[in-house]
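In: Kindly generate the corresponding structure for this input.
(3 chains)
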Amino acid sequence: MLDEMAFDLRKYLRRNSASVTVWVALLALILFGLMRYDNFGSAYNFSSFLNYNAMFIAIALGMCFVIMTGGIDLSVGSVAAFTSVVAAYLSPYGIQVALPGAVLAGIGFGAINAFCIIVLRIPPFIATLATMLAAKGGALVISGAQTISVDWGSNFTKLGMGQALGLFPWAIVIVAGLTLVLGLMLEKTTIGRTVLAIGGSEDASNLMGLKVNRAKAFVYLLSGGCAGLAGLFLASGFGAGQPLEGIGWELSAIASVVVGGTLLTGGMGSIPATVAGALLLGLVFNVLNFENGQGTISFSAYWQMVIRGGFLFAVILLQSRVIAKQQKVIGS
Amino acid sequence: MERTMKLPKRVASMPLRFHGGIVALAALLVFNSLFTPNFLQLQTLFVNISQVATIAIVAMGMTLVIATGGIDLSVGAVMALAGALAPLIFLSDLGAANPALGVALAIMLPLLVAGLCGVFNGVMVAVLNVQPIIATLILFISGRGIAQVLTNGNLQTFSNPSFSYLGTGKILGLPFQGWLALVIACVLFWVITRATWGRYLLAIGGNERAAFLSGGPVRRVKIGAYVICAVLSGFAGLIVVAINSASDAARNGNLMELDAIAAAVVGGALLQGGRAPIFGAILGAVIIQLVKYTLLANGVEDEVALIAKAAIIILAVWMQQFRRT
Amino acid sequence: MNALVSMSGIEKSFAGVPALSQASLEIAPGEVHALIGQNGAGKSTMIKVLTGVYRRDSGSVVIGRGESEISSPREAQEAGIATIYQELNLVPLRSVTENIIMGYEPKRLGLFVDWREGNKRAREVLARFGIDIDVTEPLGNFSTAIQQLVAIARAVSLEAKLVIMDEPTSSLDASEVEVLFGVVRELKNQGVSVLYVSHFLDELFQICDRVTTMRDGRTVSTRIVSETKKLEMIADMLGRNTDEIAAEGMTDFAGAKAKRGSILLRSENVCSGPRLTHFDLTLHRGEIVGLGGLLGSGRTEAARALFGVDALEDGVIELDGHTGQPSGPDEAISKRIGFLTEDRKAEGIIPDMSVRENMTLALLPKLAKRGQIDFERERAIVDGFISDLGIKAAHMDQPIRELSGGNQQKVLLARWLATEPDILILDEPTRGVDVGAKREIQSFIRSYVDKGFGVVLISSEFEELVEGADRIVVMHEGRSVTELANPGITGNILVGALAHHDAGADTWNAQ
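Out: Sure thing, here's the model as predicted:
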């Protein structure tokens, strides 16, 4: 009994090697930035960095739950673009209307995904690829293929531009709250454990009598809702609903989740490490911006996509080794 | 020893499978001839053939990848990359000095690069055992990025009749790319039905471990499927550039992965693998193209057409489930 | 006797093909009830009807006092029926505790899982079976036996009245089987009924009270085990007369043993990892060498090393006088080795492909002319094997998944015979095959060897080894330890050789 109380550091490290790695990498990159660039640690860089990345963290959180079930959601980018337009239209009524409106719109697309995957039994990547298309079309239709300016008179833009305590953007405060809730949900509630069990083995979960379909529906609704939130942040932070945004966001989110040590095949994952992964990915761009500013390198916006792809590639290479090792242990 | 193996009456599943697509095609044709103005004209046929060829070519490659139980999301990006490279080559000093060599290189090199993209995808999937969706997602994003970096995001316009033949030439009055698609289809059909490579491809999709333990060259065949798919995508990218006499890295092949997957699935490819209906892919491509055309010709906006396409994909995959016993 | 479960007149068909007709089953409270029958006799379907996985077409299921309305595995659990499936229904990536309490977690504030309480419960229920492990460790880190016991622990912690075990011992070694039997007896003492499905008839005599036999979807008999002979059970399963079987022997291996020829294969000190550390074998033309040993003794690993699937870490393999391990299955095949794998579904058949395509898969390189398949030759070869092996298929283009297990196995055997290998490695060639096909397969193997080829035979059935093999290499924990030579090997001698290296094995009675 006593052994269990005692914290076993070695066991902890062995079981959480991936998340420990991502935190260490994040810290190392922050230290590197602090030492190399003058303004890296400034309050402005700090808060604008968090503000900009809030939407990516939100999407990564939803994606993390989806991936833990062994699924995938490729629609998040388009859904965020769609909900940014919705939020822009609702902005005159203030944040109290726009927030639930955007999130509900996102959940709506999540519901379509859930329906296709659970009821029609369509593989997740096909279903969400189709929804990606539909959301993109939808965003263009409702916006008339124009960016939709938000109402600057209401409290709407405070969300994306204002700050709590003068340092923490509201968006990141909301995301932090979401992280806490989802982290607790994963570790401590039945639905969180069911999500992990499904990713571990869906058949076994069914035979164990777990409510598999409910948990699967939940993760896609959650992912849709998170994308909705991200769209809200987008509209509020940049002052416009942008139907053409969101390209490649699913990739960033997947990369963040994978960097955080979540197995792509599901069954294992961590919420805090996913946030760390999203921050790490964002920080890479932040550091590159500083390098650009210093004139040591110069890269156009088009490099972003290349770098994102390269980053995911590097992580996958690392993970495929880790997975191979783990499977050896588990398989024997 | 009595043996009471009751065989379910062998349903003629192959023709049936095809019928769904053919019925859809017939319905589209009937609808269009009744409601779409000027549908029954040769010009319409040409337009549709020249459009459908690119979808069909990519869809055939996708069918091979899907037959291994994989998927290739990077086809559109590879199109953009190949398409961006070609004008760069024949507009270069070397290409301007030797027009013939320039055009030859402008076709060969992009296809080679596309092939390398295929090798990358194939190695990720077959050697590193990364899930195909994730493996090909990398080039899905960065492939187009590379194309844009190469062209600095600019639209490259040109006037080069011999290169444009790829997209505008005609043989016996029908567009060149239509013939090309047909030739590719015949070659692939032969490979699937008569060559050992094709047999291995289907075996791997059906049961990879069994195929490996029976001596099947699993890695080689899988990488081969991704390479063929990428090279065909490269071809399609070149054709699109040739049609437009312009290369736009941001738009070339955009969302092509969806069209190709949809065409393959409508044509009868099983996402689990083990089946490679090449002519089905062409039928699927024709249906996708006709839906697009029908909506466009009847004044439906492009954006709404996206939603319709999403619905077709869902419908096609959903219908697939009833085919399996 | 007031039955706990009583199923009668059960009918169930799939797409018009009857799987169960007038099947019945009755389980008394606190009894261990065996359910036996050949493959396809309807055992699994019967269980799935009982546990709500399938809906019955007609008939009645009475549980306790009332008609059962169970329509999902969860409802079955709530009605006190827990099932331990052949493929374990657990999640290896998650902890032992989670696997035991999943779906019934203790909660704090009605919302948050109380892990400390959960771990405690998990430890307690495992302790009842004498197991003490770190319950926070992922389940996949433990042996199959532990995983199986965790599945049972889950059932018990749900306060099941009936525990269904589907082939529970098929992946356990002898000492683990003893632990399992202990658990079964403990369940019985606590008044829990057990429905025990098994192919190993010997086991039934140790733990079961009654046995129900099924054949072709019907219930043929229910007998009291202590008053029944093994032969009677087999006769019920086969629908044959006991005297017939007694006269013919249990297997069709017995026959004139051919003369040994030159050395085909030699392996010395072969090591491919922790599960195969030291393996010596010499195979001559015209002989069958058996690999005897318990599960996990390294038999399959030895086969995989010989076939080039697992790379050697140490040791030498010599084929036909040339040293060197094949680099993979393709090279092994070109060096005239064949390997019939143990798991027919996962590693053998390609379900959607035809009988013809499945049969010629390994032969493909030899069938091709410049990359093109020679269809005429292919058809001729397939035709030949279909008639030689008596494969029952509508035609050679029928998908193999539509064939019975025995016929599928014959097709796979033909796949290897077609490559005309000098060395044929057979891993459990008759597992999961009905008795008729089993005898046929055994006699093909013998006739093949008589032509001067060499066979390495792996089998869990001692009868098959004892009667079939010319020599038996006994394996234990990844090492080849002894060699026995026929004639003269009996089940007891083989058990003795195993027991010599494993104290737990002497309770393993091979008839």
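
In: now the strands for the chain?
Out: Since no chain was named, I'll use chain A. A:148-149, A:163-164, A:168-169, A:240-241 (DSSP state E).

In: ah, I was thinking of chain B
Out: Counting by DSSP E, one finds strands in chain B at the ranges B:156-157, B:170-171, B:174-175, B:246-247.

In: Mind pulling up the pLDDT for A:A114?
Out: At A:A114 the predicted local distance difference test score is 96.

In: what sits against B:F163?
Out: Listed by Cβ atoms under 8 Å, 6 or more residues apart in numbering or on different chains, the contact partners of B:F163 are B:86, B:90, B:103, B:106-107, B:242. From N, CA and C alone the C-beta is placed, and that goes for glycine too.

In: Highest neighbour count among these?
Out: When neighbours are counted by other Cβ atoms under 10 Å in any protein chain shown, B:A86 leads these with 29 neighbours.

In: was I right about that one contacting B:A106?
Out: Yes: using Cβ atoms under 8 Å as the test, B:A86 is close enough to B:A106 to be in contact (4.3 Å).

In: quick one: the residue nearest to B:A225 when sequence neighbours are not counted and B:I223, what's the gap?
Out: Across the structure, with Cβ to Cβ, 6 or more residues apart in numbering or on different chains as the measure, the residue nearest B:A225 apart from its sequence neighbours is B:L64 (4.5 Å). Between B:L64 and B:I223 the distance, using Cβ to Cβ, to the nearest Å, works out to 12 Å.

In: What score does residue 169 have for pLDDT?
Out: In the absence of a named chain, chain A is used. 82.

In: try chain B instead
Out: With respect to pLDDT, B:G169 has a value of 83.

In: what's near enough to touch the nearest residue to it once chain neighbours are set aside?
Out: Residue nearest to B:G169 in three dimensions, not counting chain neighbours: B:F176, with 3.8 Å by Cβ to Cβ, 6+ apart. The contact partners of B:F176, by Cβ under 8 Å, 6+ apart, come to B:165-170.

In: Please name the spatially closest residue to C:D280 (chain neighbours excluded).
Out: C:S480 (5.1 Å).

In: secondary structure element for the one you found?
Out: Of the helices and strands defined by DSSP states H and E, C:S480 is found in strand C:479-485.

In: counting contacts, what elements does that strand pack onto?
Out: Under the contact criterion of 3 or more Cβ pairs under 8 Å, 6 or more residues apart in numbering or on different chains; DSSP states H and E, the helices and strands touching strand C:479-485 comprise strand C:279-284, strand C:471-476, helix C:491-499.

In: mean pLDDT for those: which is lowest?
Out: Confidence, taken as mean pLDDT, is least for helix C:491-499 of these (a mean of 70).

In: Please determine how far the residue in the stretch 351-500 of chain C that chain B sits nearest to is located from C:N407.
Out: Minimum separation of the stretch 351-500 of chain C from chain B (Cβ to the nearest Cβ) falls at C:G436, amounting to 3.2 Å. Distance of C:G436 to C:N407, computed by Cβ to Cβ: 11 Å.

In: More neighbours: those two, which one.
Out: For C:G436 and C:N407, the more surrounded residue by other Cβ under 10 Å is C:N407, and the numbers stand at 23 against 15.

In: which residue does the stretch 51-200 of chain B bring closest to chain C?
Out: Residue of the stretch 51-200 of chain B nearest chain C, by Cβ to the nearest Cβ: B:T196 (4.6 Å).

In: Would you confirm that that residue contacts C:A368?
Out: Yes: proximity of B:T196 to C:A368 meets the contact threshold set by Cβ under 8 Å, at 4.6 Å.

In: Pick out whichever of the two has more residues nearby.
Out: A direct count of neighbours by other Cβ under 10 Å for B:T196 and C:A368 places B:T196 higher, at 20 against 17.

In: so what's that one up against?
Out: B:T196 touches C:364-365, C:367-368, C:371-373, counting by Cβ under 8 Å, 6+ apart.

In: Name the nearest residue to the residue in the stretch 1-150 of chain B that chain A sits nearest to, sequence neighbours excluded.
Out: Checking the stretch 1-150 of chain B residue by residue against chain A with Cβ to the nearest Cβ singles out B:S142 as nearest, at 2.6 Å. For B:S142, ignoring the flanking residues on the chain, the nearest one in space by Cβ to Cβ, 6+ apart is A:G309 at 2.6 Å.

In: now do C:R336
Out: Among residues not flanking C:R336 along the chain, C:D422 sits closest, at 4.3 Å (Cβ to Cβ, 6+ apart).

In: Next: C:R108.
Out: Closest to C:R108 by Cβ to Cβ, 6+ apart is C:D114, at 4.7 Å.

In: ok, back up a step: quick one: the residue of the stretch 1-150 of chain B closest to chain A and A:F311 touch, right?
Out: No: counting by Cβ under 8 Å, no contact exists between B:S142 and A:F311, whose distance comes to 9.4 Å.

In: Please say which of those two ends up with more neighbours.
Out: When B:S142 and A:F311 are compared on other Cβ under 10 Å, the one with more neighbours turns out to be B:S142, at 27 against 21.

In: if I pick the closest residue to C:A41 other than its chain neighbours, what's in contact with it?
Out: Computed as Cβ to Cβ, 6+ apart, the closest residue to C:A41 that is not its neighbour in sequence is C:M214, at 4.3 Å. C:M214 makes contacts with C:23, C:35-37, C:41-43, C:46, C:220, as judged by Cβ under 8 Å, 6+ apart.

In: Go through those residues and flag which are in helices.
Out: Taking DSSP state H, the ones among the contacts of C:M214 that sit in helices are C:43, C:46.

In: Now tabulate the contacts of C:M214 in CSV and tack on pLDDT and neighbour count.
Out: Output for these, formatted as CSV (pLDDT from 0 to 100; neighbours: other Cβ atoms under 10 Å in any protein chain shown):
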residue, pLDDT, neighbour count
C:A23, 90, 26
C:L35, 91, 28
C:I36, 87, 24
C:G37, 81, 26
C:A41, 78, 24
C:G42, 82, 24
C:K43, 85, 26
C:M46, 89, 28
C:V220, 89, 18
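
In: picking up where we left off before, name the residues of the helix or strand containing the residue of the stretch 351-500 of chain C closest to chain B that are buried.
Out: Secondary-structure element containing C:G436, defined by DSSP H and E: helix C:435-450. When burial is assessed from 16 or more other Cβ atoms under 10 Å in any protein chain shown, helix C:435-450 yields the following buried residues: C:435, C:437-442, C:444-446, C:448-449.

In: per-residue confidence averaged over the next helix-or-strand element following that helix?
Out: Using DSSP H and E, the helix or strand that directly follows helix C:435-450 along the chain is strand C:454-458. Mean pLDDT, taken over the full extent of strand C:454-458, equals 91.

In: who does strand C:454-458 touch, helix- and strand-wise?
Out: Taking 3+ Cβ pairs under 8 Å, 6+ apart as contact, the helices and strands that strand C:454-458 lies on are strand C:263-271, strand C:279-284, strand C:288-292, helix C:299-306, strand C:423-427, helix C:435-450, helix C:462-468.

In: Quick one: residues in contact with that strand.
Out: Around strand C:454-458, the neighbours that count as contacts under Cβ under 8 Å, 6+ apart are C:264-265, C:281, C:283-291, C:299-300, C:303, C:306, C:342, C:422-429, C:445, C:448-449, C:464-465, C:468-469.

In: CA atoms only: put it into PDB for me.
Out: Only the C-alpha atoms of strand C:454-458 are listed here, as PDB (Å, rounded to 0.1, in the frame of the first residue of the first chain):
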ATOM      1  CA  GLY C 454      11.100 -33.100 -45.400                       C
ATOM      2  CA  VAL C 455       8.500 -31.800 -43.100                       C
ATOM      3  CA  VAL C 456       8.800 -29.800 -39.800                       C
ATOM      4  CA  LEU C 457       5.500 -30.300 -37.900                       C
ATOM      5  CA  ILE C 458       4.400 -28.100 -35.100                       C
END
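
In: now the angle from it to strand C:423-427?
Out: Calculated by axes from the mean of the first three to the mean of the last three Cα atoms, to 10 degrees, strand C:454-458 forms an angle of 10 degrees with strand C:423-427.
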